[in-house]
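> Predicted model follows, preceded by the sequence.
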Amino acid sequence: MNLIFPSFFEALSYFRKDKWLIVLGMIPVLIGLAIYYYMGSWIYGDLLVFGQDYIRSKMASQSWLNFLTTILVVVLTVAFYFLVSWSFVIVVSLFASPFNDMMSSRVERLLLNEKSVHIGESLSSAFGKFFFTILNEGKKILFIIFVSLLGLVLSLFIPPLSILVSSALIAVSFIDYSWGRHNLKLGSCLRSYRKSFLTYTLAGALFLVFISIPIVNLFMLPFAVVYFTVLFVKLDLRKIE
């Protein structure tokens, strides 16, 4: 548990030690910005115009038209916020997963004082198993959606349990890069998480807050990959090996 906050500063230090982490980390940021841009353009463009035209066809009063248009903008803004907050990690992680895996691998090598693989070799390896990585990430996303829906149901009856489930889910989605790289089976992954349950879950709760904030979450995704790799190496890797 005492690793949670010190690991933040250690994770930041690796971005200074290996500049390629910044380059690789910018890829999910750019993907996220593109998704935000096109989603926002559609919501505040086509969808808003459609809503305004519909209201105009039903309302003769200009004052009512202005009032309902304002309400529509507010509703679309709230919907856009929650849509982005809920879908960010799922959608962006899918496309960024090969690069996130490269980041995690480079950080682990730095932690273990091993020589980093040349970036060209890393890219070649990443694209060589691109479809496998995407397929594996797709399976993880289906599991995340299932657990997210479970958390939503639990929130109606036991709100604290829902937060616990969501925090664990965030942690697992980032630790999974390390688990997958070391070919850990499901039982080993469960034991890994259970042994460090409190640390991983509290760290997941912190990032649950960060990734719920649009724009901020763009930069939290690559940082979370590095951060949870640091935790994994310190808590689990030496025990596994």
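Nice, thanks for sending it over.
> Sketch out the helices for the chain, chain order is fine.
Taking DSSP state H to define them, one finds helices in the chain at 6-17, 19-42, 48-58, 62-111, 119-128, 130-157, 159-181, 186-195, 197-210, 216-232, 238-240.
> could these go into a markdown table alongside mean pLDDT?
A markdown table is the format used below for the helices of the chain (pLDDT from 0 to 100):
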| stretch | mean pLDDT |
| --- | --- |
| helix 6-17 | 90 |
| helix 19-42 | 84 |
| helix 48-58 | 82 |
| helix 62-111 | 79 |
| helix 119-128 | 60 |
| helix 130-157 | 62 |
| helix 159-181 | 83 |
| helix 186-195 | 84 |
| helix 197-210 | 91 |
| helix 216-232 | 89 |
| helix 238-240 | 50 |
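> Would you mind putting those helices into a markdown table with mean neighbour count alongside?
Placement of C-beta: from N, CA and C, glycine included. What follows is the helices of the chain, written out as a markdown table (neighbours: other C-beta atoms under 10 Å):
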| stretch | mean neighbour count |
| --- | --- |
| helix 6-17 | 14 |
| helix 19-42 | 16 |
| helix 48-58 | 12 |
| helix 62-111 | 17 |
| helix 119-128 | 13 |
| helix 130-157 | 14 |
| helix 159-181 | 20 |
| helix 186-195 | 14 |
| helix 197-210 | 18 |
| helix 216-232 | 23 |
| helix 238-240 | 11 |
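> Val230 contacts Glu10, correct?
Yes - shown here, Val230 and Glu10 form a contact pair, counting by C-beta atoms under 8 Å, at 5.5 Å.
> Give me the distance between Ile170 and Phe232.
Counting by C-beta to C-beta, to the nearest Å, the gap from Ile170 to Phe232 is 14 Å.
> contacts for stretch 59-79?
Ile43, Tyr44, Leu47, Leu48, Gly51, Gln52, Ile55, Arg56 (C-beta atoms under 8 Å, 6 or more residues apart in numbering).
> OK, contacts around the fourth one?
With C-beta under 8 Å, 6+ apart as the criterion, the residues that contact Leu48 are Leu72, Val73, Leu76.
> Let me know the pLDDT of the closest residue to Ser196 other than its chain neighbours.
Distance criterion C-beta to C-beta, 6 or more residues apart in numbering; nearest residue to Ser196, sequence neighbours excluded, is Leu235 at 4.5 Å. Listed pLDDT for Leu235 reads 88.
> what's the neighbour count on Leu235?
Residues near Leu235, counting by other C-beta atoms under 10 Å, number 18.
> That one is in contact with Lys195, isn't it?
Yes - if you go by C-beta under 8 Å, Leu235 and Lys195 touch, sitting 7.5 Å apart.
> so what's in contact with those two at the same time?
Shared contacts of Leu235 and Lys195, defined by C-beta under 8 Å, 6+ apart, are absent.
> No more questions from me, cheers.
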